[in-house]
Structure formats: structure tokens, C-alpha cells
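Enquirer: sequence isn't available, so here's the structure alone:
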């Protein structure tokens with residue numbers, strides 16, 4: 001089902017330059033868009049792709065208005081990326097398929113679980129005793145919500161997500177390990193996304209807490225007793241060890257690793273692949289990666305790094321003599 005440009009602007013706002021009756025058959029990136037597609041450009045460094053794009057209409061910011069109009073129809077919006085996000089939501093609503101049963105017949109929901117209004121629970125999900133699922137939340141296929149864990153309203157838990165697995169707690173005893181029972185739970189706020197195969201461990205004594213608006217990508221490990229502040233976004237394959245306290249409005253790049261019992265302040269941005277071994281108490285961008293290089297050069301630099309401590313002592317000794 002196509003949408004006319006005028007219908008999109010009527011629903012989402014923006015300043016339309018072009019034929020309101022133009023039919024939009026789909027949404028696509030600039031480089032592959034065809035005349036029936038709506039696309040967007042938010043980063044000026046890709047502006048060279050705008051002239052070559054075959055998109056029927058492009059969403060741009062005011063600074064790129066004239067360049068966009070030189071090639072064809074455009075919607076001018078203050079934040080093109082946000083506008084495109086809302087366009088995808090509109091497209092999904094218009095093209096939504098009929099829904100099946102609210103709780104799939106293959107799902108296992110304990111009678112003592114509390115399920116809010118409008119919740120949808122997909123195939124082979126498990127919701128255990130005492131769990132609470134807030135109104136409007138969606139559990140995709142094979143999601144597990146453990147005993148006494150709480151999921152807020154309007155959340156989306158993608159396939160394979162595990163909420164409330166046991167945290168990693170063992171006490172050494174005579175060369176073996178004695179299990180520490182994990183007696184806490186997980187509390188997830190409202191409007192949280194949990195990606196596919198992401199695991200959030202239950203707390204050992206107190207709860208693991210994910211605050212409102214947090215967005216977790218796929219394959220993330222959140223250890224027991226962690227707290228993640230509101231509207232923080234974390235990319236795939238991040239590992240967060242137990243009792244880490246991450247602030248609000250942070251971003252953490254893919255495959256970053258965060259040690260346990262650390263504190264990360266609000267509005268901290270951590271680059272992909274970084275290893276966080278100490279607390280970060282001031283907002284800002286932090287990077288902890290050794291840049292990739294050809295192996296021979298990397299080995300020389302690594303060998304030099306091992307000598308830095310000795311070199312520092314030698315420099316201090318020389319400075320004292322001056």
C-alpha cells in the first residue's frame with residue numbers, strides 16, 4: 001500500500017517541496033533508493049550521495065534545502081533522522097498485518113504472573129511465577145522472564161532475550177565452588193527495548209535495575225546488581241560485569257567491556273571496543289582501544305608499551321639531575 005507525500009507530511013509535519021500526490025512505495029537509503037522511495041540525509045559528510053540519488057523524495061535539514069531541491073522533491077525538517085524514524089513508524093502502522101492471539105498457544109505463563117492490558121506474548125515464551133509484565137509490552141518469540149522479575153509498560157523484548165537468569169556468584173571452597181543463590185530480581189522500567197539474545201542477570205540480594213527508556217542491542221550481557229540509567233543506549237556485544245552503575249543518557253559502543261563495581265556518570269559516551277577498567281565521573285567521550293595496524297608494526301608498538309614504565313623512571317631520574 002503506497003502513501004502519498006501529502007499524507008506523510010499531514011501525519012508528521014515538515015515543509016514539503018514537491019508534488020503532494022507523489023506515491024511513495026517504500027523507504028530506502030540514498031544509494032539504493034528508486035523513484036518510488038522516500039529517503040533521508042542527516043549527516044552533511046554524505047551530501048555527495050544526494051545529487052546521485054534516484055529517490056523520489058529526500059528528507060533533509062534546512063542547510064541542505066537548496067541542494068535537495070536542485071535534484072527533486074524534498075521534505076525539510078529540523079531533524080531529518082528523527083523525521084525518518086517517525087516515517088518508519090508510520091509506515092509500519094499503515095502496513096501492519098492482522099495480529100494473532102495476545103498470548104501464543106505455545107507460550108508458558110505461570111498463573112501467578114501478572115500480565116498487563118494489551119501485552120503480547122509470542123511463541124515459546126516463558127513467564128515465571130510472580131513476574132509482572134506492564135501494559136502494552138511485547139515479548140517476541142522465546143523470551144524468558146524469570147520469577148519475580150518486573151518489566152514495565154510499552155517495552156519490547158526481542159527473540160531470545162533472558163530477563164532474570166542467575167547472576168554469576170560462587171564462593172571458593174576447598175578447590176571447588178559453592179553456589180551463591182541469587183535472591184534478587186530484575187526491574188525494568190517503561191519504554192525499554194531489549195535486543196535479541198541479550199541477558200540481564202537477576203541480583204544477588206538487591207535487584208538489577210534498567211531504568212526508563214533504555215535501549216539495549218543484541219547479545220549484551222548485563223551482570224547481577226547492575227544499574228543502567230534512563231535513556232542510555234548500548235550497542236551489541238557489550239559486556240557489563242556485576243554491580244556496575246551506568247548513568248543516564250549514556251551511549252556505549254559495540255563490544256565495549258565494563259568491569260564490575262564501577263561508576264559511569266551521566267552523559268558519558270564510550271567508543272566501540274573500549275575496555276573500561278576505572279570509574280568515569282565526568283561527562284564526555286572516552287576511548288580505550290589500541291588502533292589496529294599491520295602485525296609487524298603492532299608488535300613493535302606493543303613491545304615499546306611494555307617499556308613505558310622503565311622509560312618513565314629514567315626520565316624522572318634525568319629530570320632530578322637537571
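Expert: Everything's here; your move. This is a predicted model, so every value here is computed, not measured.
Enquirer: average pLDDT across stretch 133-145?
Expert: Confidence for stretch 133-145, expressed as mean pLDDT, is 98.
Enquirer: quick one: it to chain centroid distance?
Expert: Here stretch 133-145 is found 17 Å from its chain centre; the criterion is Cα atoms, centre = their mean, to the nearest Å.
Enquirer: buried residues, that stretch. List them.
Expert: Of the residues in stretch 133-145, 133, 134, 136, 137, 138, 139, 140, 141, 142, 143, 144, 145 count as buried by neighbour count, 16 or more other Cβ atoms under 10 Å. For glycine as for every other residue, the C-beta is placed from the backbone atoms N, C-alpha and C.
Enquirer: give the contact list for the third one.
Expert: Right, the one you point to is residue 136. Residue 136 makes contact with 116, 117, 118, 119, 153, 154 under the criterion Cβ atoms under 8 Å, 6 or more residues apart in numbering.
Enquirer: one more time with 10 Å
Expert: In this structure, residue 136 makes contact with 116, 117, 118, 119, 120, 152, 153, 154, 155, 156, 190, 191, judged by Cβ atoms under 10 Å, 6 or more residues apart in numbering.
Enquirer: give me the buried subset of these.
Expert: Applying 16+ other Cβ under 10 Å to those, the neighbour count classes 119, 120, 152, 153, 154, 155, 156, 190, 191 as buried.
Enquirer: contacts only, for the nearest residue to the second one once chain neighbours are set aside.
Expert: Excluding its sequence neighbours, the residue lying closest to residue 120 (Cβ to Cβ, 6 or more residues apart in numbering) is residue 138, at 4.7 Å. Contacts of residue 138 were listed using Cβ under 10 Å, 6+ apart, and they are 118, 119, 120, 121, 122, 154, 155, 156, 157, 158.
Enquirer: before we move on, what about residue 75?
Expert: The contact partners of residue 75, taken as Cβ under 10 Å, 6+ apart, are 5, 8-9, 12-18, 38, 40, 57-60, 68, 83-84, 87.
Enquirer: in TSV, list the contacts of residue 136 along with secondary structure, pLDDT and distance to residue 126.
Expert: Rendered in TSV, the data for these read as follows (DSSP: H, G, I helix; E, B strand; the rest coil; pLDDT from 0 to 100; distance: Cβ to Cβ, whole Å):
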residue	secondary structure	pLDDT	distance to residue 126
116	coil	97	17
117	coil	97	21
118	coil	96	20
119	coil	98	14
120	strand	97	15
152	coil	98	19
153	coil	98	21
154	coil	98	21
155	coil	98	16
156	strand	98	17
190	coil	98	22
191	coil	98	23
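Enquirer: turn the residues you listed into a markdown table, columns for distance to residue 225.
Expert: Formatted as a markdown table, the entries for the contacts of residue 136 read as follows, by distance: Cβ to Cβ, whole Å:
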| residue | distance to residue 225 |
| --- | --- |
| 116 | 26 |
| 117 | 31 |
| 118 | 31 |
| 119 | 27 |
| 120 | 30 |
| 152 | 19 |
| 153 | 24 |
| 154 | 25 |
| 155 | 21 |
| 156 | 24 |
| 190 | 21 |
| 191 | 23 |
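Enquirer: per-residue confidence averaged over stretch 93-113?
Expert: If you average the pLDDT values across stretch 93-113, you get 93.
Enquirer: run through who's touching it.
Expert: The contact list for stretch 93-113 (Cβ under 10 Å, 6+ apart) reads 1-3, 7-8, 11, 26, 115, 117-133, 139, 141-145, 147-149.
Enquirer: try it again at 7 Å.
Expert: By Cβ atoms under 7 Å, 6 or more residues apart in numbering, the residues outside stretch 93-113 that reach it are 1, 3, 115, 119-131.
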